[in-house]
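Undergrad: Provided below for reference: sequence and predicted model.
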Amino acid sequence: MNSAIVIKKFNLSIEGTKILTDINLELPKNQIIAIIGPSGCGKSTLLRSINRMNDLIEGLEYTGSITVDGDNILSPNTDVTEIRRKIGMIAQTPNPLPMSIYENVIYGPRIHGLKDKVKKDEIVKNSLERVGLWEEVSTRLDAPANKLSIGQQQRLCLARTIANDPNILLCDETTSALDPTSAKKIETELLELKKDYTILFVTHILRQARRIADYVVFIYFGEIVEHGPAEKIFGNPSDPRMKQYLEGSI
Ligand SMILES: Nc1ncnc2c1ncn2[C@@H]1O[C@H](COP(=O)(O)OP(=O)(O)OP(=O)(O)O)[C@@H](O)[C@H]1O
């Protein structure tokens, strides 16, 4: 398999409490990977480990490796800013910066030193086109981002992440604060975007995972109970806990 991310013997604890236990995964490139499981089982913690977003948690300890493009991103030598550029995250609730639509999208490239106006304009247009927002905002790029609808704000945040030219997108319940129509729009854009990005998507909505996932990882009490192609997991799960979760009994 052409793997985007390889996780080996990954264990994580916070203040001595074990949160993730012996995680071993090889995640395929250019697919949507749904991370599912009951509340509190460790889905977000696993996702946030992949771009070192947990680093500031007090009492955090981890062992093992998470390899992306041949580099163990858990190594102390890792350039964490570069990792977060390559592995972008879209949060649960839209978090536009208090600035214009244009400035939101170009924020990352600008702080990395991009000054060329023609290049900046091109990145803004391309990024907004990729999330299906260009037509809706092209005449008001200087308007404050917080004037957009919540669904548009979330697509703007996706565009802001894409403008950094990442390889991997981490989506943490990215549609859960949106109305069904806006959520569907994000799903549609992600199905297009997987041609160019590997997408990890945490969701507690099984119907959503069935709609968009190519590959599924099921976590239960901090352990990976089952993972594999979506059709196998949803059509013929092996583990009894996986079956119970799909039936809604756990
Ligand atoms: N900063 C933190 N400090 C202490 N414990 C934490 C912290 N973040 C997460 N945890 C604990 O780690 C466990 C896993 O949490 P996590 O948010 O990863 O689960 P989840 O599966 O994403 O849950 P949900 O579906 O409810 O969002 C929980 O018991 C949670 O309380």
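TA: Yes, it's here.

Undergrad: Secondary structure class of the spatially most central residue of the chain, three-state.
TA: By Cα atoms, centre = their mean, the chain has its centre lying nearest to L170, at 1.2 Å. Secondary structure for L170, judged by DSSP: H, G, I helix; E, B strand; the rest coil, is strand.

Undergrad: list the contacts for it?
TA: L47, R48, I50, N51, I87, G88, M89, I90, L200 (Cβ atoms under 8 Å, 6 or more residues apart in numbering). Bear in mind the C-beta positions are built from the backbone N, C-alpha and C, glycine included.

Undergrad: hang on, isn't the fifth one packed against N164?
TA: What it means is I87. No: with contact defined as Cβ atoms under 8 Å, I87 does not count as touching N164 (9.8 Å).

Undergrad: what about these two, which has more around it?
TA: Remark: of I87 and N164, I87 carries more neighbours, 26 against 19, as counted by other Cβ atoms under 10 Å.

Undergrad: Quick check: the more buried one vs H112, distance?
TA: Distance, I87 to H112, using Cβ to Cβ, to the nearest Å: 15 Å.

Undergrad: cool, and T161?
TA: 14 Å.

Undergrad: who's more crowded, those two?
TA: Neighbour count, other Cβ under 10 Å: between T161 and H112, T161 has more, with 24 against 12.

Undergrad: Is it correct that the more buried one is in contact with I87?
TA: No: contact criterion Cβ under 8 Å: T161 and I87 do not qualify, at 9.7 Å.

Undergrad: what do the two both touch?
TA: With Cβ under 8 Å, 6+ apart, T161 and I87 have no common neighbours.

Undergrad: Confirm G40 sits in a strand?
TA: No: counting by three-state DSSP, G40 is not found in a strand; it is coil.

Undergrad: just use 4 as the starting number from now, easier for me
TA: With 4 as the first residue, the last one maps to G43.

Undergrad: And it, how far from P243?
TA: Taking Cβ to Cβ, one finds G43 at 20 Å from P243.

Undergrad: hmm, back to that, pipe the contacts of L173 into TSV and attach secondary structure, distance to the ligand and pLDDT per row.
TA: Formatted as TSV, those follow (DSSP: H, G, I helix; E, B strand; the rest coil; distance: Cβ to the nearest ligand atom, whole Å; pLDDT from 0 to 100):
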residue	secondary structure	distance to the ligand	pLDDT
L50	helix	8	98
R51	helix	8	97
I53	coil	12	97
N54	coil	14	95
I90	strand	17	97
G91	strand	19	97
M92	strand	13	97
I93	strand	15	97
L203	strand	12	98
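
Undergrad: ok so, going back, spatially, what comes nearest to the residue nearest to the centre of the chain if we skip its sequence neighbours?
TA: In space, and not counting its chain neighbours, L173 is closest to M92: 4.4 Å by Cβ to Cβ, 6 or more residues apart in numbering.

Undergrad: now G91
TA: T164 (3.6 Å).

Undergrad: What count of nearby residues applies to I76?
TA: There are 21 residues near I76, going by other Cβ under 10 Å.

Undergrad: What backbone torsions are found at L151?
TA: phi -70, psi 160 (degrees, to the nearest 10).

Undergrad: What ranges does this structure have for its helices?
TA: 46-52, 83-89, 104-114, 120-133, 137-140, 153-165, 183-196, 209-215, 233-238, 243-250 (DSSP state H).

Undergrad: OK, contacts around the residue nearest to G91?
TA: With Cβ under 8 Å, 6+ apart, T164 has these contacts: G91, M92, I93, L172.
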